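**Q** just coords:
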């Protein structure tokens, strides 16, 4: 078990470093391209940092099953698919609020650009609700998977369409630190940005690939459900880029980037990843899955309601954290 735990900790460290490298390069890319913070956070950051949670189920579903552990690999993949949006919509938002509570206080205001945040949440809730209904519609899995893919394509088009207007309104992406590779002597050029982005993504891929093995080793030693362990532990690592990126951004008062990074990733994970699960697994209801899906939807509805009815406050996001605690109590006890 100690070897598995050591591997998990090593992968956490790798992903943490990758998040810093990637965030820094992404800000410079967005500034050079003259795009809005919404596009940088909700699309570029969200898709790229969603690589680990995309790779974990993909690698789990396609791994060599000659060892007779097909069910184990499937559970790891499904746990990663469902645990990722659960973690983002609950614990990640809460940690983001916790990181600024001393500066902004309990009732301090948060100021993300609302039209983009509303769009993200609308698409996520619609897609994730459809993925939930698919648990009880086994004969429609392929059709629902196609619909989910189309929904994400429409989301990308809408997000890109409003970018220019948001830049004019003062929501353009700005980098307030030099690129890390430039500090090492490389020239401040577009190629350097892409080299640093590639290095960050490479570290993320390495971390995701090794993380599956650590989870399987621990599950075997503890004799617990691989699905449950994957729902609780895999997202801790695969969501580290989003968590760290958003905490770094919100502490620098880049609220739109901070929220967009999380909610944009939620849209990706609520559509593209369930589509993968629908096409590559039986996708049938189990207790851990249903509770995770429902808690995630409640957390997303709560945030969407706040955006519509009231100014967003720091303490509001602690409710999302409480929902994650509620999930732990339900599945563990």
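**A** Right, received. Where do you want to start? The shown structure was predicted, so the numbers you read here are calculated from the model rather than taken from an experiment.
**Q** so who does residue 160 touch?
**A** By C-beta atoms under 8 Å, 6 or more residues apart in numbering, the contact set of residue 160 is 39, 43. All C-beta atoms are positioned from the backbone trio N, CA, C, and that covers glycine.
**Q** so it sits in a helix?
**A** Yes. Under DSSP: H, G, I helix; E, B strand; the rest coil, residue 160 falls within a helix.
**Q** Okay, now the unreliable bits of the stretch 1-150 of the chain?
**A** 1-5, 15, 19, 38, 48-53, 55-56, 58-76 (pLDDT under 70).
**Q** run the last query once more with 50
**A** Scanning the stretch 1-150 of the chain for pLDDT under 50 picks out 68-70.
**Q** Can you show me the helices along the stretch 51-200 of the chain?
**A** Taking DSSP state H, counting those that start in this stretch, the helices of the stretch 51-200 of the chain run over residues 51-62, 70-87, 93-98, 101-104, 114-133, 141-161, 163-168, 180-183, 190-222.
**Q** Out of those, which is closest to residue 275?
**A** helix 141-161 (4.1 Å; C-beta to C-beta).
**Q** Can you give me the buried ones in the closest one?
**A** Under the neighbour-count criterion of 16 or more other C-beta atoms under 10 Å, helix 141-161 has 141, 144, 145, 147, 148, 151, 152, 155, 156, 159 buried.
**Q** Quick one: mean pLDDT over stretch 165-181.
**A** Averaging pLDDT along stretch 165-181 gives 70.
**Q** Any idea how far apart the tips of it sit?
**A** With C-alpha to C-alpha, to the nearest Å as the measure, the first residue of stretch 165-181 is 32 Å from its last.
**Q** re earlier: can I get the buried residues of helix 141-161 in TSV including distance to residue 317?
**A** What follows is the buried residues of helix 141-161, written out as TSV (distance: C-beta to C-beta, whole Å):
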residue	distance to residue 317
141	34
144	31
145	32
147	31
148	27
151	26
152	25
155	23
156	26
159	23
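**Q** Looking at those, which is nearest residue 252?
**A** residue 159 (22.4 Å).
**Q** I'd like to know how far residue 106 sits from residue 331.
**A** Applying C-beta to C-beta, to the nearest Å, the value for residue 106 to residue 331 is 29 Å.
**Q** Give me the more crowded residue out of these two.
**A** The residue with more neighbours, out of residue 106 and residue 331, is residue 331; 16 against 10, by other C-beta atoms under 10 Å.
**Q** ok, of the buried residues of helix 141-161, which one's closest to residue 14?
**A** Nearest to residue 14, judged by C-beta to C-beta, of these is residue 152 at 27.8 Å.
**Q** I'd guessed residue 243 sits against residue 92; true?
**A** Yes. Under the criterion of C-beta atoms under 8 Å, residue 243 makes contact with residue 92 at 5.0 Å.
**Q** Compare these two (neighbour count), which wins?
**A** Neighbour totals were compared for residue 243 and residue 92, and residue 92 leads with 28 against 25 (other C-beta under 10 Å).
**Q** Now do the contacts for that one.
**A** 239, 242, 243, 246, 262.
**Q** Residue 108 too?
**A** Residue 108 neighbours (C-beta under 8 Å, 6+ apart): 100, 101, 313, 314.
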